[in-house]
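# Task: produce atomic coordinates for the following.
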Amino acid sequence: MEAAQARGRKVVALNGYIVDVTDFVEEHPGGQDLILDHMGQDGTTEFLDAHPQGILKILKDTVGDERAKSMILGEHTVTVPPKSEVVSGSHTAPVQTTVTVSPIVVFSAVATGAIAAAMVMFRDNNSISTSTMSILSSCSCSFVAGALCMWQFQQFLPAGISHSQTSVQVQPLGDGDAWVYGKVDARIIKQLSAVCGAGNVFDASNSKEIKKHSRDMSSHMSANPDAVVYPKTVEEAADVVKICYAHRIPMTPRGAGSGLEGGAIPYNGGVVLDLMRLKNKLLRKDDMLVTVEAGVKKSELNEWLEPQGVLFGPDPASNPSVGGMASTRGSGLSTLMYGTTGESVVSLRVITAEGNIVTTRRSVRKSSTGYELTKLYVGSEGTLGIIAEITAKVFPLPAVRCGALVRFASVGDAARATIQFVQRSLTTLCRCELLNADGVRATNKKYGNSLEEVPTVFLEFRGGDLGACKANAATAEAISHEVGATAYEFAESGDTLDTLWTARRGCYIASMSYREQKGDRVYISDSCVPLTQISNMIGETEKDFLAEGFPCIICAHIADGNFHCCIPYQPGERGKVDVIEKKMIARALAMGGSVSGEHGVGVGKIEHVEMEHGAVHIDLQRRIKRALDPHNIMNPGKIFIQPKTPGGCCEIPAIYRETVGASGGTYQH
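Numbers count the residues shown, from 1 in each chain. Predicted coordinates:
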């Protein structure tokens, strides 16, 4: 720090940190005492002994985030917790600091003594007026106070500090320091067991549970948690979070484990909260709303709703938990009619990082009472809080289902037909799905079908009467032939197509065994582009993968502009896949698209989200994360890497590099 900047500033040493409180004290008389009151007069507390960075937290609580960051000038000592308390991360090593004190301190002391002596002399000689004596008294008190403040400040300084210089020299706080988390030991397991019952808590000795919760349905690297907990109620889940918050233990919420981007893989260890035992359901049919806890699966919910004449609209190809769908915005095959998961969710009960339970909004059609927290938490992948309960729209069960298979000579023809389906507002069209030639071939092989191996669009119409559905189907047939369809097969009963819909849902599973090579993994994309760009997007992607010798199995929610490219590969081929993926992502973004339509970011898309949104947008997201989860314990390392300090530089952790094929570059916040 320059000498000019240091002169005249009020600084205090608190628990080893040099803190500039000048502006705050000037704006808030007594503010320095306020800070000391938060700290404890000696600047030490049990928390600060265990957490050297705690001073920043206390300052933030006292003066606000931005002011606190500007007040911390540097550090002269660091108390490092015992090694047994540290699971990961690092601390800044102690540094030598030179704190300079202006010669004005010495002058103040001398001047104070001189004024005091003069006052005594003049008083004894009766040669000074009462008003002059008052002025001298005030000056003397001011000098004494200043000298005492400087003396008090010096008491905080470590021995051996030189007072002969004229500037303050401090070591700046480092950016991007690794997060330090608490350890899941026997004491923590005992606390968790007291909340959930011993039979619902598993530590590292239970290899079966640990392995089950170390991975999801993706090909991303697995990682073991330190413990797995099955809460049975929302309140139990909240109490688990409170324990983890108190001990700074990272948490990873988990539903059905069907995710495809590694979002439920606990790369920082800690506790996995398996929410699949949260099963309560309540239908408010008159309001056309259903409230379910996070562990209810999509198909389980619809089986329960069917006898009551309604259904939950979003329909991912897998069978995820409703909590997982809300966490990732997973929507699936029926978006045309029922909308996305985000559009279906009305309200949430969320467990915050501190363990509080909050309802994001009232379950009414309109609400204009502040920030829309529901939309904030939907799609947040457990990084801001844990979605424990969902209130969502339900829809009348259709009286009629019918469908069609439409074959095309090319994906381009299929896309052109789909654009017209959407533009013509076929109101009973519920599903419009595409398999390319490799997709048909893979599902034929897996499920024993015998469809012609050409680009094929699957259609399903739903409504209150057969006439309306058949009219829309006839319009779709006319459009298809206009753009060059090679065949159009109508099925008056949708039930006759259910086997084919099962095959469509199983496209990802079919790709796993397509090459019949032991050890094959499957890369799956999730790009979403404007509907008018889907033909070029799929066509260029097919060319890229086929040119490198990979089969390109594509299943697409084509009417949404969202497609999944399933590429089987051997571990040694991952580098080639990464190169093509980067081209595909760049192409989607250039077309105005998104890197993920419904699978979320997890760890698989971390490298790409800043390309999509830009640094300023990601900075806003990080600020939200820091505000709601200041200790970075809620599913850390997902969506983006969170710097420990504002402005910090984040390197992709080594454990992610193999996972996402990253080169280990840095992300500047």
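
# Quick one: residues contacting N302.
Applying CB atoms under 8 Å, 6 or more residues apart in numbering, we find N302 in contact with 311-312. All C-beta spots, glycine's among them, are computed from the backbone N, C-alpha and C.

# Check what pLDDT it gets.
For N302, the pLDDT comes out at 98.

# where does this structure have low pLDDT?
1-178, 644-669 (pLDDT under 70).

# and with 80 instead?
Counting by pLDDT under 80, the chain contains low-confidence ranges at 1-179, 642-669.

# neighbours around T499, how many?
Using other CB atoms under 10 Å, T499 is surrounded by 11 other residues.

# That one and N449 touch, don't they?
Yes. With contact defined as CB atoms under 8 Å, T499 reaches N449; the gap is 7.4 Å.

# For the stretch 401-550 of the chain, which segments count as strands?
For the stretch 401-550 of the chain, the strands defined by DSSP state E, counting those that start in this stretch cover 429-435, 456-463, 487-491, 521-524.

# Point out the other elements, helices or strands, that the shortest one touches.
For strand 521-524, the helices and strands in contact under the criterion 3 or more CB pairs under 8 Å, 6 or more residues apart in numbering; DSSP states H and E are helix 507-512, strand 562-569, helix 574-590.

# just the third one next, same as before
For strand 487-491, the contact count by 3+ CB pairs under 8 Å, 6+ apart identifies strand 400-407, helix 466-482 as packing neighbours.

# ok so, going back, mean neighbour count for the helices and strands packed on strand 521-524 - can I get that in a markdown table?
Listed next are these as a markdown table, based on neighbours: other CB atoms under 10 Å:
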| stretch | mean neighbour count |
| --- | --- |
| helix 507-512 | 22 |
| strand 562-569 | 24 |
| helix 574-590 | 17 |
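
# Let me have the ones you listed in CSV, extended by distance to S535.
Formatted as CSV, the helices and strands packed on strand 521-524 follow (distance: least, CB to CB, whole Å):
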stretch, distance to S535
helix 507-512, 19
strand 562-569, 11
helix 574-590, 13
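
# between these, which gets nearest to F408?
strand 562-569 (15.1 Å; CB to CB).

# Mind exporting the C-alpha coordinates of that closest one to PDB?
What follows is strand 562-569, C-alpha atoms only, in PDB (Å, rounded to 0.1, in the frame of the first residue of the first chain):
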ATOM      1  CA  ASN A 562     -33.700 -29.800 -28.300                       C
ATOM      2  CA  PHE A 563     -31.700 -32.900 -29.400                       C
ATOM      3  CA  HIS A 564     -29.600 -35.600 -27.700                       C
ATOM      4  CA  CYS A 565     -26.600 -37.000 -29.500                       C
ATOM      5  CA  CYS A 566     -25.600 -40.400 -28.000                       C
ATOM      6  CA  ILE A 567     -22.100 -41.400 -28.900                       C
ATOM      7  CA  PRO A 568     -20.600 -44.700 -27.600                       C
ATOM      8  CA  TYR A 569     -16.900 -44.500 -27.200                       C
END
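
# In JSON lines, list the strands of the stretch 401-550 of the chain along with distance to Q642 and mean neighbour count.
Below are the strands of the stretch 401-550 of the chain laid out as JSON lines (distance: least, CB to CB, whole Å; neighbours: other CB atoms under 10 Å):
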{"stretch": "strand 429-435", "distance to Q642": "37", "mean neighbour count": "26"}
{"stretch": "strand 456-463", "distance to Q642": "41", "mean neighbour count": "25"}
{"stretch": "strand 487-491", "distance to Q642": "51", "mean neighbour count": "15"}
{"stretch": "strand 521-524", "distance to Q642": "26", "mean neighbour count": "20"}
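
# Which one, of those strands, ends up nearest to G270?
Going by CB to CB, the one of these nearest G270 is strand 521-524, 26.0 Å.

# For E306, grab the count of nearby residues.
When counting by other CB under 10 Å, one arrives at 11 neighbours for E306.

# Wasn't it part of a helix?
Yes. Read with DSSP: H, G, I helix; E, B strand; the rest coil, E306 is one of the residues of a helix.

# That one: what's its closest spatial neighbour, skipping adjacent residues?
Of all residues not flanking E306 in the chain, L397 sits nearest, at 6.5 Å (CB to CB, 6 or more residues apart in numbering).

# Minimum distance to D560: which of the strands of the stretch 401-550 of the chain has it?
Taking those one by one with CB to CB, strand 429-435 is closest: 8.5 Å.
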